[in-house]
Each structure stands twice: as C-alpha cells, then as structure tokens.
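**Q** sequence unknown, structure follows:
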Ligand SMILES: [Zn+2]
C-alpha cells in the first residue's frame, strides 16, 4: 500500500467521530468496515467479522491493502453518517456498550445495528412491547443445578414473575419492577454457570437482597430480557416522576456492581478468625456471601458518608503473615477487618469504598436520586444464624416497611 494512502486513511481516522470506535467509543480505531463505512477498534472488528462479509467486510489499517476507491468510500461515509443512519431510533433506555462491557452486550449491539437493523426505523422489538414471556435457565437455590423456568415481564403490572412449569397458574415469585435490578454476571460466576449469557437479578425480598441467576443459550435472548427490564423500569420512573427530565431517569434503570471479589473478613468478636467471603458492592450496599452464587448474602453493610462514623484505612492491627493486604472499615455498628488477596485488590477496594463514603448520601436535583437513596438507606447489619433465619442487630435499623408495596421509608 502506498505511503500516501495509509497517511490519508490515518488522517481520516483522526477526524471527530472517526477517532472513536463506531460501536464502543474506544479511542484510536485501527480497523474499518469497508461495506458500512465505519472506523472500529480491533475488538469490534472481530465481532463484525462474525456477521459475514456480506454485512460487514473489515480491514486493518496495518495489514490490509487500501486502494483509492476504498479511501474515497471511507471519506464519503465515516462514523458520523453511519450513526445517523443506523442509530436513528435507539430507545433512550437501551444500553450502548463500551469496550469494557460484557462481550454479549457488545456483540448484540453490533448485530442489532447492522444485521437486524433494529434502530433504522421505529420497529416493534421484543423488548419494547411492554410484555415479554419466555424461558430462561435459572440456577437452583441449593447446589449448582440449573432449572428451566418460565418468566413473564409485564409493564402494566410492573412485575417480573417466574413459574416452575409452563402450565403453572401460580408464580413461584413475583418481583416488583421498581425493586428489581439486572446486571451481567461476574466472570467468576459465569465459570460456575458455564454460560457467558448470564444475568444476576436482584430485588428486595422483605428487606433483604435476593439474587437469582439466569442465562439463555442465545445471546440475543438474554439481551432482550435485559433491555425489556430497562424499558419497564423506564416506564415506571416516567410515571412516578413525571416532572423529572428523562435524561435524569436513565442512570436509575439498572446499575452494575461497583466491585466484586473475594476478601477475608473477621467475625465481630476480638480474636475471631478470618473467613473467605465473596463481596459485592452495590452502590452503598456492601454484601458478603459464602458462595458467589448464593441467593442471599450472609450480611449487608450499609455505607454512609465519611465523617458520619464511616471511615476506611489501609492496614490491620497486628497484621498476620497470612493477611498482609489488610484494611479497616468503620461503620457505626462495628469495625470491620478485611484482607485482600493482593496489593492491587486492596487498593481497588479501598479506592471504590472511599469514593462511596465521599459521595453525599443525598444530593440536590432530581428526586429519583433522593428516593433511591432513601430506599436503600436502611442502616443495618444482619447475619444468618445456624437456623437459617435472619436476626437484626436491632437498634440501628431505621427503616419502616410498608407491607405489600415493599417500600422503605424513614420513620
Ligand atoms: Zn469497539
């Protein structure tokens, strides 16, 4: 390839819009689709190759030949025009992935755009109808068994229900959409579930966080469920907060966990030994589980604001050889001693928890945020005793529960 051509190509890829991958916004793309006319990162180019060359023919800047004709085509099109064409009707609640998002999310976004052409016109997609019914594999409560379950999502009822059998009249569980969160499973959980198309659904059961793990063989199916949940939550928030601008509602549809992983923790008494637990940080809620796929955490720690009896620092008193990456977290209820498995992990946990403690519990602006904080501002510690029931530490529990509505408010 001539020097002149490659220079011209690289100049084109520096223009606004072209300088970010058309599908994941990763900077400095070094691939392009010469049938669609977009500049891409290597990861998205790999997915494009899977679509077949009749849909997208990808070429590398460095290894492929670029003739005059191709350059003129790329000049005429480019990422800005392609966006206008292929993303014209992306629903506001639809999650546009970035490079770090799960592969299934990126692949289905690319397939939705160029293969199914879901956003070129206002089409009636499975997830935009307000009602969705189908089967998902669900991890059983005990053990690793997977069961096929029927799920029904209804925007009118604002519920997600699942049934043991397709002929069952009574659902096994009814989950209120406002209480529901959906997030893609962490790689450690995917290893057990053995499917990359796995979602973790969490909701409040009484005041406790219940998780269910579901997957579909087909990537499109799991993304359809995920987007349908986002759509239902969007509809709920629009009705609940009619004066709130839609743009402010969007961050509250679903949320990813801020961090997950193993930590060692001590018990509440001095001299208690360290136990390895799976930790999940869901905004202000730090949960610990015996197994990453347990339906309920063994405990939940509410993270308030720094200075209000909440603090975090590196190191542990009299560090043990085995637990050298220790850190201390203080909450009004107790002092927590943790130990990470590596220095890098310790740094990440301290950094992410610090940023939460430094975030004001309620900020001005849209009341959704306030309501969200309120819904979760239940300051309690709890543990599951050997009988399997919960006991509450009592005095610090400040929420009241309005039965039926599962709405937590301050008394
Ligand atoms: Zn990309």
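**A** Everything's here; your move. These figures come from a predicted structure and were not determined experimentally. Numbering: from 1, shown residues only.
**Q** return the set of residues that bridge with the residue lying closest to residue 181 once chain neighbours are set aside.
**A** Spatially, and ignoring its direct neighbours in sequence, residue 181 is nearest to residue 202 (4.9 Å; C-beta to C-beta, 6 or more residues apart in numbering). No exception for glycine: its C-beta is placed from N, CA and C like everyone else's. According to DSSP bridges, residue 181, residue 211 are recorded as the beta-bridge partners of residue 202.
**Q** mind listing what residue 202 touches?
**A** Residues near residue 202 by C-beta atoms under 8 Å, 6 or more residues apart in numbering: 180, 181, 183, 209, 210, 211, 282.
**Q** which one of these is nearest residue 90?
**A** residue 183 (20.5 Å; C-beta to C-beta).
**Q** is it true that that closest one touches residue 253?
**A** No. Taking contacts as C-beta atoms under 8 Å, residue 183 lies outside contact range of residue 253: 11.3 Å.
**Q** follow-up on the earlier one: show me which of the contacts of residue 202 is closest to the ion.
**A** The shortest approach to the ion among the contacts of residue 202 belongs to residue 183, at 21.2 Å (C-beta to the ion).
**Q** in the longest helix seen in the chain, what's buried?
**A** The longest helix of the chain (DSSP state H) is helix 219-240. Using 16 or more other C-beta atoms under 10 Å as the test for burial, helix 219-240 gives 219-237.
**Q** quick one: secondary structure of residue 141?
**A** coil (DSSP: H, G, I helix; E, B strand; the rest coil).
**Q** contacting residues around it?
**A** Contacts of residue 141 by C-beta under 8 Å, 6+ apart are residue 295.
**Q** farthest-separated two in the contacts of residue 202?
**A** Distances among those were taken as C-beta to C-beta; the most separated pair is 183 and 210, at 14.1 Å.
**Q** what about whatever residue of the stretch 301-411 of the chain ends up closest to the ion, which helix or strand?
**A** Closest approach between the stretch 301-411 of the chain and the ion, counting by C-beta to the ion: residue 348, at 24.5 Å. Assigned by DSSP states H and E, residue 348 belongs to helix 343-357.
**Q** and residue 335, how far from residue 259?
**A** 21 Å (C-beta to C-beta, to the nearest Å).
**Q** before we move on, what about residue 292?
**A** Going from residue 292 to residue 259 by C-beta to C-beta gives 13 Å.
**Q** in terms of neighbours, single out the busier of those two.
**A** When residue 292 and residue 259 are compared for neighbours, residue 292 comes out ahead with 21 against 18, by other C-beta atoms under 10 Å.
**Q** ok, and the closest non-adjacent residue to the more buried one?
**A** The shortest distance from residue 292 to any non-neighbouring residue, by C-beta to C-beta, 6+ apart, is to residue 278 (4.3 Å).
**Q** likewise residue 57?
**A** residue 35 (4.6 Å).
**Q** list the contacts for the one you found?
**A** Applying C-beta under 8 Å, 6+ apart to residue 35 gives the contacts 53, 54, 55, 56, 57.
**Q** at 7 Å what do you get?
**A** With contact set as C-beta atoms under 7 Å, 6 or more residues apart in numbering, residue 35 has these partners: 55, 56, 57.
**Q** make TSV from these and add neighbour count to it.
**A** Shown next, in TSV, are the contacts of residue 35 (neighbours: other C-beta atoms under 10 Å):
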residue	neighbour count
55	16
56	23
57	16
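**Q** just the residues you listed now: which is nearest the ion?
**A** Checking those one by one against the ion (C-beta to the ion), the nearest turns out to be residue 56, at 12.8 Å.
**Q** am I right that that closest one is in contact with residue 36?
**A** Yes. When contacts are counted by C-beta atoms under 7 Å, residue 56 is listed as touching residue 36 (5.5 Å).
**Q** and residue 245, how many neighbours does it have?
**A** 9.
**Q** would you list every one of the strands in the stretch 251-400 of the chain?
**A** 259-266, 274-282, 285-289, 299-302, 311-314, 325-330, 335-340, 382-384, 390-392, 399-402 (DSSP state E, counting those that start in this stretch).
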